[in-house]
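With the input below, show me the fold.
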Amino acid sequence: MQRLFEAPSGNDRTEHKYYISLAEAAALRGRLEKVMRRDPHSDAQRRYLITSVYFDTPGNRSYLGSLAGVKKRKKLRVRAYNHKDDYIGLEYKEKDGNLSRKRQLRITPEDCRALLGGDPAPLLRYESDLAHSFYYDMRTNLYRPKTLVEYTRETYVHPLCNIRVTLDTNLCGSAVSLDLFSPRGLTPILARDVVLLEVKYCHFLPSFIADLLPRDCMPAVSNCKFARARAIQ
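A predicted model of the protein is given here:
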């Protein structure tokens, strides 16, 4: 694993993604628990379920950009947790290499259903630049819901530099269902014995966290969940 963890100041956040084994994840979990706290939204097993629907253009701009490793690109998605509609997030994520900037906005279940049906009109009711950007991309660039991704996430956080270390398992995608709350036709997009490790931070990653991470692991492609889910269609 690369040991240089630095990022410029501002709202940008650096992200690194790696594939590790279940055994490596278990060992890492033990180390992280000593210096980081669990995400307060986790259940008794320290986990929560994430279900996201990603949008793309008729020409698959986001998907092809991901496959080609385009340095600057964006992702549009809606996201729910644990198959519940008490919090639905509209998310607009822009990437520049390993740097990312994510904007998010809470929307209603009714507005979510409209978006998944291809109607962005409800977004005009929100006094939000994010909502207006999402509306523009749906109207002008014809972004539409394309694929669903679901996985179980375990998250550790530290307030210094807004550090988040996540372990994602049971990654699945669906080409037949865009239902955030009761998805169907889920297909594994990563081997069951592989864990996706993500390390996210602002400014820099302190050595007392960096030194806990596995020394040798395989880097993952930056947009691996979305791209792998699109590939099953």
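
packing partners for the helix or strand where residue 152 lies?
Following DSSP states H and E, the helix or strand that holds residue 152 is strand 144-158. Packing partners of strand 144-158 (3 or more CB pairs under 8 Å, 6 or more residues apart in numbering; DSSP states H and E): strand 37-38, strand 48-56, strand 163-174, helix 224-231. Where C-beta positions appear, they are placed from N, C-alpha and C, glycine not excepted.

residue ranges with poor pLDDT in the protein?
Along the chain, segments meeting pLDDT under 70 span 1-11, 221-223, 233.

Please enumerate the helices of it.
All helices of the chain, identified by DSSP state H, fall at 22-32, 61-68, 109-116, 129-139, 207-210, 224-231.

Sheet partners, orientation included, of the strand holding residue 152?
strand 37-38 (antiparallel), strand 48-56 (antiparallel), strand 163-174 (antiparallel) (DSSP bridges).

Quick one: closest of the ones you listed to residue 64.
strand 48-56 (9.1 Å; CB to CB).

Now the helices and strands packed on strand 144-158 in CSV, please, with extra columns for mean neighbour count.
Shown next, in CSV, are the helices and strands packed on strand 144-158 (neighbours: other CB atoms under 10 Å):
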stretch, mean neighbour count
strand 37-38, 13
strand 48-56, 21
strand 163-174, 21
helix 224-231, 21
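
now these as CSV including distance to residue 18?
Below are these laid out as CSV (distance: least, CB to CB, whole Å):
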stretch, distance to residue 18
strand 37-38, 20
strand 48-56, 18
strand 163-174, 10
helix 224-231, 10
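
Could you work out which of the helices of the chain reaches nearest to residue 148?
Comparing these by their distance to residue 148 (CB to CB), the top pick is helix 224-231, with 7.1 Å.

Remind me what that closest one packs against, helices and strands.
If contacts are counted by 3+ CB pairs under 8 Å, 6+ apart, helix 224-231 sits against strand 48-56, helix 61-68, strand 144-158, strand 163-174.

could the ones you listed go into CSV alongside distance to residue 213?
Output for those, formatted as CSV (distance: least, CB to CB, whole Å):
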stretch, distance to residue 213
strand 48-56, 22
helix 61-68, 24
strand 144-158, 11
strand 163-174, 8
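
Nearest to residue 102, out of those?
Closest among the helices and strands packed on helix 224-231, using CB to CB: strand 163-174, at 11.4 Å.

could you check the angle helix 224-231 makes with that closest one?
In terms of direction (axes from the mean of the first three to the mean of the last three CA atoms, to 10 degrees), strand 163-174 departs from helix 224-231 by 10 degrees.

All set, thanks.
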